[in-house]
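Colleague: just coords:
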DNA sequence: GCTTATTAGTTGCACGTGCAACGAGTCAAT
DNA sequence: ATTGACTCGTTGCACGTGCAACTAATAAGC
């Protein structure tokens, strides 16, 4: 033991990251759990990848969107969206239509068949979410949502540039 | 309009998923934001992938662990861990030592060099976490942690089988 | 009008990852 | 001892994804 100071041996080792308490780690585990469980619904039953599901969900919600909007909104890389869009178009689930005002971009929308899938999927997704959060009271759900919102807003400032995989 | 009932046209369309309110989506976006920001630290400065960082962090915290433990604990696929371990071993950051009691498994530990990296990384990871959650009060942080814990426990029951990417 | 910078979207490439199949080791039953 | 079920870890394969470079279109500077 050091004679001069009362330093404990613990002080000589640097701080440790306790993974069970480490927020980025915990968030990723929880996000993966929810993502994978949800993916079983849209992957096994409709053959949709995660990005494809997001494109369908965005167009189901918003009617018309450009690929760029979906990428920014869904926080995905533009190449990821590009490939998901190409795949969905090959399957006849979405249609693209050039924007006459700016011919660089294309407006995307669900076809009738795509909307059928969305309308089959949406209730199941909502039902899953309900099961998922059923351990929390409504008040806790509301609180969690607001904490996530504040953290997300702050995190986007910390990582300012562009798209982030979601 | 239907003459008999006061049904609105809205009622004819199926329910929609509002992505901005959809918890699996929001969780994934937030997890990605934190993950990517954190990855800048250990990727750019130490050349570690996410799984490699998790192996190092686990061994930094626990001293000895098997690959299987790390996979289960870190919620990763065993092949993912296997490759991260192989890569870290090639770089001389971890060492493996067969378990004499059960020669199927190998005990992993950080080498001196691996520990150096961990000790450089851990304070930065903790500092990042602090910046990340600094928008929340301590009480809110504590609350968020408990909500995440309860959701994670519940989610593991919903998706019972095995490993989940983190 | 021309030149340069910027933006939407695509694609080749490299790489990380999940899956399934496999080898090696353990354990239980007989 | 032998068989069969199970577990730890590795690896071939296919595929999804990020990155950077590219095309086409637009916008800005002059």
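Modeller: Noted; the coordinates are in hand. Keep in mind it's a predicted model, so treat the numbers as computed, not measured.
Colleague: is it true that residue A:17 lies in a helix?
Modeller: No: Residue A:17: not assigned to a helix; according to DSSP: H, G, I helix; E, B strand; the rest coil it is coil.
Colleague: correct me if wrong: it contacts residue B:60.
Modeller: Yes: using CB atoms under 8 Å, residue A:17 is in contact with residue B:60, at 6.9 Å. (C-beta placed from N, C-alpha, C; glycine too.)
Colleague: give me the angle between the helix ranked longest in chain A and helix B:23-46.
Modeller: Looking across chain A with DSSP state H, the single longest helix is helix A:23-46. Orientation check (axes from the mean of the first three to the mean of the last three CA atoms, to 10 degrees): helix A:23-46 against helix B:23-46 gives 130 degrees.
Colleague: list the buried residues of the very next helix or strand once past helix A:23-46.
Modeller: Downstream of helix A:23-46, the next assigned helix or strand under DSSP states H and E is helix A:50-62. Buried residues in helix A:50-62, counting neighbours by 16 or more other CB atoms under 10 Å in any protein chain shown, are found at A:50-61.
Colleague: list the buried residues of the longest helix of chain A.
Modeller: Applying 16+ other CB under 10 Å to helix A:23-46 flags A:23-39, A:41-42, A:46 as buried.
Colleague: ok, and does that helix reach over to chain B?
Modeller: Yes: residues of helix A:23-46 are located near chain B by CB under 8 Å from any CB of the partner chain, namely A:23-38, A:40.
Colleague: ok and that helix relative to helix B:50-62, angle-wise?
Modeller: Interaxial angle of helix A:23-46 relative to helix B:50-62 (the same axes, to 10 degrees): 140 degrees.
Colleague: which strands and helices sit next to helix A:23-46?
Modeller: The elements that helix A:23-46 packs onto, with contact taken as 3 or more CB pairs under 8 Å, 6 or more residues apart in numbering or on different chains; DSSP states H and E, are helix A:50-62, helix A:112-132, helix B:23-46, helix B:112-132, helix B:138-158.
Colleague: now chain A, which segments are flagged as low pLDDT?
Modeller: Counting by pLDDT under 70, the low-confidence segments of chain A come to A:1-13, A:158-166.
Colleague: spell out which residues of it are next to DNA strand D.
Modeller: With CB under 7 Å from any atom of the strand as the criterion, chain A comes near DNA strand D at residues A:49-51, A:76-77, A:79-80, A:83-84, A:102-104, A:165.
Colleague: among those, name the ones in helices.
Modeller: Those of these mapping onto helices are A:50-51, A:79-80, A:83-84, per DSSP H.
Colleague: residues of chain A that sit close to DNA strand C?
Modeller: Within reach of DNA strand C by CB under 7 Å from any atom of the strand, chain A has these residues: A:66-69, A:71, A:78-79, A:81-83, A:85-86, A:104-106.
Colleague: widest-spaced pair of the residues you listed?
Modeller: Across the residues of chain A next to DNA strand C, no pair lies farther apart than A:83 and A:104, at 18.4 Å, counting by CB to CB.
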